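**Student:** Please find the sequence and the predicted model below.
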Amino acid sequence: MSAHTPPPGPVTADDVLHVTHAAADLLTTALDLDWRVPAGTLDWDCWETIEHVADDLFAYAGQLGPRRPPLDGHVPFGFERRRPDGPALTIYGDPKYGNAGLVQVLEASGAFLAAMVRATPAHVRAHHIFGAADPEGFAAMGVVETLVHLRDVAAGLGLDWRPDADLCARVRHRLFPDAPTDTEPWPTLLWATGRGELPGRERRDRWRWHGAPAAERQPDPEA
């Protein structure tokens with residue numbers, strides 16, 4: 001980004017809805033497939049990965065819910081791991097409702113987060129392990145979780161997932177200040193989350209985002 005190029009705009013509640021709706025639309029084209037196949041290179045299957053996304057969206061909404069959001073930990077919803085190598089979750093889909101039911105769970109969780117982002121004043125902060133975040137930060141986290149994990153699911157199911165470049169650029173700007181800005185946004189976001197390579201840059205085997213607003217970010221102790 002040159003000195004004369006304005007930074008990308010904010011990440012909003014509408015973006016949360018946009019990405020979850022796009023994910024749901026893509027998944028709806030694959031309802032007759034087996035979602036218990038591996039999700040790309042993850043240790044989870046596609047069903048578990050979609051549950052994980054729904055769980056993250058719900059959890060980010062939950063962090064913004066209390067009148068005095070926690071700054072030192074998570075809102076203590078119960079959670080469990082249903083198999084040793086599976087994700088630890090609060091939100092699970094009921095298998096008897098099939099793949100279509102899990103898509104509804106995903107969309108509902110996205111709607112919860114979008115509603116909380118809209119309802120929560122911009123000055124509010126809540127705990128996240130990667131920095132106390134404002135509502136925009138939680139919106140961006142929900143978007144990036146959906147973007148990259150739907151890529152994992154799409155790889156497992158043989159689907160074509162092509163996110164909006166402008167949305168990827170805004171999420172990159174909000175959460176990954178160390179990411180290059182002279183490369184295409186979607187490949188850069190995959191690189192930033194350890195899922196791809198960029199010319200002249202090593203593939204990341206460890207990564208994090210920065211949830212706090214730019215003016216409040218703390219130095220990365222592992223940088």
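**Tutor:** Thanks, I have it. Residues are numbered from 1 along each chain as shown.

**Student:** Show me what counts as buried in stretch 57-73.
**Tutor:** Judged by neighbour count using 16 or more other Cβ atoms under 10 Å, the buried positions of stretch 57-73 are Leu57, Phe58, Ala59, Tyr60, Ala61, Gly62, Gln63, Leu64, Pro69. (Each C-beta comes from the backbone N, C-alpha and C, glycine too.)

**Student:** I'd like the residues you listed laid out as a markdown table, including secondary structure.
**Tutor:** Listed next are these as a markdown table, based on DSSP: H, G, I helix; E, B strand; the rest coil:
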| residue | secondary structure |
| --- | --- |
| Leu57 | helix |
| Phe58 | helix |
| Ala59 | helix |
| Tyr60 | helix |
| Ala61 | helix |
| Gly62 | helix |
| Gln63 | helix |
| Leu64 | coil |
| Pro69 | coil |
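
**Student:** for those residues, which one is nearest Arg162?
**Tutor:** Leu57 (20.9 Å; Cβ to Cβ).

**Student:** about what we covered before: may I ask which of the buried residues of stretch 57-73 comes out lowest in pLDDT?
**Tutor:** For these, the weakest pLDDT value sits at Pro69, with 95.

**Student:** contacting residues around that residue?
**Tutor:** When the contact criterion is Cβ atoms under 8 Å, 6 or more residues apart in numbering, the partners of Pro69 are Gln63, Val75, Val124, Arg125, Ala126, His127.

**Student:** and the nearest residue to Phe176 once chain neighbours are set aside, how many neighbours does it have?
**Tutor:** Setting aside the residues directly before and after it, Phe176 is nearest to Ala192 in space (Cβ to Cβ, 6 or more residues apart in numbering), at 4.4 Å. By the criterion of other Cβ atoms under 10 Å, Ala192 has 23 neighbours.

**Student:** Tell me where this structure has helices.
**Tutor:** 13-28, 46-63, 98-119, 135-157, 165-175, 185-192 (DSSP state H).

**Student:** could those helices go into TSV alongside distance to Ala39?
**Tutor:** Below are these laid out as TSV (distance: least, Cβ to Cβ, whole Å):
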stretch	distance to Ala39
helix 13-28	12
helix 46-63	4
helix 98-119	13
helix 135-157	4
helix 165-175	20
helix 185-192	15
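
**Student:** Just the closest of the contacts of Pro69 to Tyr97, please.
**Tutor:** When the contacts of Pro69 are compared against Tyr97 (criterion: Cβ to Cβ), the nearest one is Val75, at 26.4 Å.

**Student:** Tell me, how many residues neighbour the closest one?
**Tutor:** One way to gauge burial is a neighbour count; for Val75, by other Cβ under 10 Å, it gives 16.

**Student:** thinking again about what came up before, so for Glu216, which of the helices of the chain sits nearest?
**Tutor:** Set against Glu216 and scored by Cβ to Cβ, the helices of the chain come closest in helix 135-157, at 9.8 Å.

**Student:** what's the offset of the closest one from the middle of its chain?
**Tutor:** Between the mean C-alpha point of helix 135-157 and the mean C-alpha point of its chain there is a distance of 4 Å (Cα atoms, centre = their mean, to the nearest Å).
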